[in-house]
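> This is a predicted model, with the sequence first.
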Amino acid sequence: MNYKIAVLPGDGIGPEVIEQTLLVLEKVGQKFGHSFQCQKLLAGGCAIDATGSPLPEETLEACKKSDAVLLGAVGGPKWDNLPGDKRPEAGLLGLRGGLGLFANLRPALLNKELRDACPLRPDIIGESLDIMVVRELTGGIYFGARGKRDGKMGQEAYDTETYSVGEVERIARLAFEIARQRSKKVTSVDKANVLESSRLWREVVTRVARDYPDITLEHMYVDNAAMQLVRNPKQFDVIVTTNMFGDILSDEASMITGSIGMLPSASLGEGAFGLYEPIHGSAPDIAGQDKANPLATILSAAMMLRYTMKLEEEARAIEAAVNQVLEEGYRTGDIMSPGKKLVGTSEMGRLVVERI
Ligand code: NAD
């Protein structure tokens, strides 16, 4: 098969981790008989320097015409003093909005080889951890009505949490579909004891669940979920939740793994289209030094193969290669521990390619 990928290397370590990821994709293409046409485009600080805009029209248009978007990272001190809407990060928001990406998938995966990086006790975490946080991305309080007005105790400000049946239904369906490919359990997180929008959320998720009798659904209040994530994270498989709760819980879940250079993410829209990127930023402190860990971006490409291209075997081949490299003791600086073999960005990429 032939696939078109819009590649946005971005700034800082972005181009370095993307370079290794493209080599991995090339190898997967050779091995499994696919062609990945990768078009490199400007986004973020480098786009500001070249065109004055963090998200040039040409980039957005090319992304829309692709099967998927692969992004490195954007931003850096050079552009920190620009006004909010002119900053590299504004390009990212424009991209997510412009592409209609309503779901954010954040796996919190703790590889057993990296157990020592986990801040939780070994008896809590066991051998490894694998949670998928599915966050609604285009609704809720971040997009609801907001403003300022006079109140009894002086000026007040408000933000509004709004969810429609349609918005909840589509994110719930996605979560159940994902759970089908995993351990078949969904935890829906809300605050239905207080919020009207959460009561609607719970009602709709419960109704959608009837179409997925093979999946176990449980509901949990967000305060309890935050606590359970550190008390007994292994009880979770797929967590589906609102924009704000997901923002907070996905960061909490990913930090349990302790290694930012290892974590991929996906943002999905209608159909199979998606944007795939590591959760880390552009790491200006190590940019251009062959020190960045490319595995989060390489694992993001594996998510792209799984969710957009439906190439499960190919996705697993990448994940298995990453596991093997870690089992053999190779580490970039961010995940280094005594007795392991320190390698740079390009060597880590080469090792993964070799093992596919
Ligand atoms: P960061 O994730 O870039 O870096 C935090 C720390 O983690 C740094 O010490 C860095 O060296 C390290 N690190 C991150 N990724 C690594 C990797 N792959 N391998 C090894 N070490 C890694 O976060 P920050 O320093 O807060 O932000 C730097 C810039 O990135 C800022 O301009 C910020 O706005 C931007 N940013 C962009 C994105 C994105 O593009 N999606 C996300 C977060 C931050």
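Structure's in. What do you need?
> near the ligand, which residues of the stretch 201-350 of the chain?
The stretch 201-350 of the chain comes close to the ligand at residues 260-261, 277, 280-286, 292-293, 296, 334, as judged by C-beta under 6 Å from any ligand atom. Glycine gets a C-beta too; all of them are placed from N, C-alpha and C.
> Filter these down to the buried ones, ChimeraX style.
Selection command for ChimeraX covering only the buried members of those, criterion 16 or more other C-beta atoms under 10 Å:
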select :260,261,277,280,281,282,283,284,286,292,293,296,334
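> which one in the residues of the stretch 201-350 of the chain next to the ligand is the model shakiest on?
Lowest in pLDDT among these is residue 260, which has 88.
> wait, it sits on residue 296?
Yes: under the criterion of C-beta atoms under 8 Å, residue 260 makes contact with residue 296 at 7.5 Å.
> For the stretch 101-250 of the chain, just list every one of the strands.
Using DSSP state E, counting those that start in this stretch, the strands of the stretch 101-250 of the chain run over 103-110, 129-136, 146-151, 154-159, 185-190, 216-221, 238-241.
> Just say which of those strands is most tucked in.
Highest mean neighbour count of those: strand 238-241, a mean of 28 (counted as mean count of other C-beta atoms under 10 Å).
> could you give me the average pLDDT of that strand?
Strand 238-241 comes out at a mean pLDDT of 98.
> Equivalent analysis for stretch 67-81, please.
Stretch 67-81 comes out at a mean pLDDT of 96.
> Can you list the buried residues in it?
67-76, 79.
> got those residues as CSV, with distance to residue 349 and secondary structure columns?
Converted to CSV, these look like this (distance: C-beta to C-beta, whole Å; DSSP: H, G, I helix; E, B strand; the rest coil):
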residue, distance to residue 349, secondary structure
67, 23, coil
68, 20, strand
69, 20, strand
70, 14, strand
71, 17, strand
72, 13, strand
73, 16, strand
74, 21, coil
75, 23, coil
76, 22, coil
79, 27, helix
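> Of these, which ones also sit close to the ligand?
Applying C-beta under 6 Å from any ligand atom to those, those adjacent to the ligand are 73-76.
> hey, what's the residue nearest to residue 193 when sequence neighbours are not counted bridged with?
In space, residue 193 comes closest to residue 221 once its chain neighbours are excluded; the distance is 6.2 Å by C-beta to C-beta, 6 or more residues apart in numbering. Counting by DSSP bridges, residue 221 forms beta bridges with residue 190.
> Hmm, residue 188 and residue 221 touching each other?
No: applying C-beta under 8 Å as the test, residue 221 and residue 188 come out as separate, 10.5 Å apart.
> export the ones next to the ligand among the buried residues of stretch 67-81 to a markdown table and tack on distance to residue 181?
Formatted as a markdown table, those follow (distance: C-beta to C-beta, whole Å):
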| residue | distance to residue 181 |
| --- | --- |
| 73 | 27 |
| 74 | 30 |
| 75 | 33 |
| 76 | 36 |
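> what about the lowest-mean-pLDDT helix or strand in the chain, near the ligand?
Comparing helices and strands within the chain by mean pLDDT, DSSP states H and E singles out helix 88-98 as the least confident, with a mean of 86. Yes: for helix 88-98, a contact with the ligand is found by C-beta under 6 Å from any ligand atom, at 89, 92.
> Summarise which helices and strands that helix is packed against.
Counting contacts by 3 or more C-beta pairs under 8 Å, 6 or more residues apart in numbering; DSSP states H and E, helix 88-98 packs against helix 45-51, helix 57-64, strand 68-73.
> if you compare those, which one is most tucked away?
Buried most deeply of the helices and strands packed on helix 88-98, by mean count of other C-beta under 10 Å, is strand 68-73, with a mean of 27.
> Between helix 88-98 and that one, find me the angle.
160 degrees (axes from the mean of the first three to the mean of the last three C-alpha atoms, to 10 degrees).
> nearest residue to residue 80 other than its sequence neighbours?
Closest to residue 80 by C-beta to C-beta, 6+ apart is residue 87, at 7.7 Å.
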